[in-house]
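Chemist: got a structure for you, letters missing:
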DNA sequence: TATAGCGATATACTAAAGTATAGTACAATT
DNA sequence: AATTGTACTATACTTTAGTATATCGCTATA
């Protein structure tokens, strides 16, 4: 038998969990977030450098997504007061821990592909 | 020094990884996939039952997303040949292993929230 | 002086995702 | 005979995501 108190706990708990999952999804969703995070895994990068490294991205999208990622605390933007100004982007501490999410996704994705293929054989 | 062979390996490897991540993302993205998977974690469900349990979902979306999830090997649809017909949806084996992805997302989401809040205090 | 590079922004558009609302075909219930 | 329930589908619409293309202000270089 399930007590009402327990149900309430489960509800509020799963509510928090759903929020946390959505926070995580928001950080990596869309067409360009992963490619951007990907290039930054190899170190600091400048705007034009990233534009060159990420095929087909437009400056509009790069600018927009970098702002998003900065607001979400994934990317840190540093402006050097030189002439001309130099702007560098890098992952924050939290951004660097994203592999904790991405690694299981890689593993599950591959296992799931195997599973789907094995089902087809029937 | 990095050899060209190594670079090639990294490239093809990360290519596969990105594919696997995208496969995983496709399974859980959109507004309704997680709520649907969420209700099915507690067992088999029928269409109208899910419609009642997932607030604000329209039958169009439920139908569409269930088809998506079925095609992706996450949900299994069983039609019972009774009169009237009874249709039940449940998670596949692969669908049930999704917690391996979701749990780290919950953990990261919560840690990240802490991180962002701690940054604000400065 | 013209051209190129840096780090973007502005405007206008198309495509994808999601919503609102109605309706279908069947059967059981009142 | 009319209403309710099940499992959807159809049509039209709005909202969000992404694309295409041009431009800006600045500096360094040819």
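Modeler: Great, that's in hand. These numbers come from a predicted model, not from an experiment. Numbers count the residues shown, from 1 in each chain, chains lettered A, B, ... in the order given.

Chemist: The residue nearest to residue A:98 when sequence neighbours are not counted in helix, strand or coil?
Modeler: Distances taken as CB to CB, 6 or more residues apart in numbering or on different chains put residue A:37 closest to residue A:98, at 6.5 Å, once the chain neighbours are dropped. Any C-beta I mention is one placed from the backbone N, CA and C, and that applies to glycine too. Assigned with DSSP: H, G, I helix; E, B strand; the rest coil, residue A:37 falls in the helix class.

Chemist: Roughly how far does residue A:37 sit from DNA strand C?
Modeler: Note on residue A:37: its distance to DNA strand C, by CB to the nearest atom of the strand, to the nearest Å, is 16 Å.

Chemist: Hmm, that residue is touching residue A:66, no?
Modeler: No - here residue A:37 lies out of contact with residue A:66, judged by CB atoms under 8 Å, at a distance of 10.7 Å.

Chemist: Could you check how far the most centrally placed residue in chain A is from residue B:90?
Modeler: The geometric centre of chain A, computed from its C-alpha atoms, lies nearest to residue A:28 (CA atoms, centre = their mean), at 2.9 Å. Look at residue A:28 and residue B:90: by CB to CB, to the nearest Å, they are 28 Å apart.

Chemist: do residue A:63 as well
Modeler: From residue A:63 to residue B:90 the distance is 45 Å (CB to CB).

Chemist: Get me the contact residues on chain A for DNA strand D.
Modeler: A:30, A:31, A:32, A:56, A:57, A:58, A:59, A:60, A:61, A:83, A:84 (CB under 7 Å from any atom of the strand).

Chemist: List the ones among those residues that fall in helices.
Modeler: A:59, A:60, A:61 (DSSP state H).

Chemist: Emit the PyMOL select command for whichever of these are buried.
Modeler: Filtering those down to the buried ones (16 or more other CB atoms under 10 Å in any protein chain shown) takes a single PyMOL command:
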select buried, chain A and resi 61
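
Chemist: Redo the ones in helices among the residues of chain A next to DNA strand D as JSON lines? Include pLDDT.
Modeler: JSON lines is the format used below for these (pLDDT from 0 to 100):
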{"residue": "A:59", "pLDDT": "97"}
{"residue": "A:60", "pLDDT": "97"}
{"residue": "A:61", "pLDDT": "98"}
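
Chemist: Lowest pLDDT pick from the residues of chain A next to DNA strand D?
Modeler: Among the residues of chain A next to DNA strand D, residue A:83 carries the lowest pLDDT, at 82.

Chemist: got a list of what that residue touches?
Modeler: With contact set as CB atoms under 8 Å, 6 or more residues apart in numbering or on different chains, residue A:83 has no partners.

Chemist: can you check residue A:49 too?
Modeler: Per CB under 8 Å, 6+ apart, neighbours of residue A:49: none.

Chemist: residues contacting residue A:41?
Modeler: residue A:91.

Chemist: So which bits of chain A are right by chain B?
Modeler: Where chain A comes near chain B, counting by CB under 8 Å from any CB of the partner chain, the residues are A:14, A:16-25, A:27-29, A:34, A:38, A:72-73, A:92-94, A:97-98, A:100-113, A:115-116, A:119.
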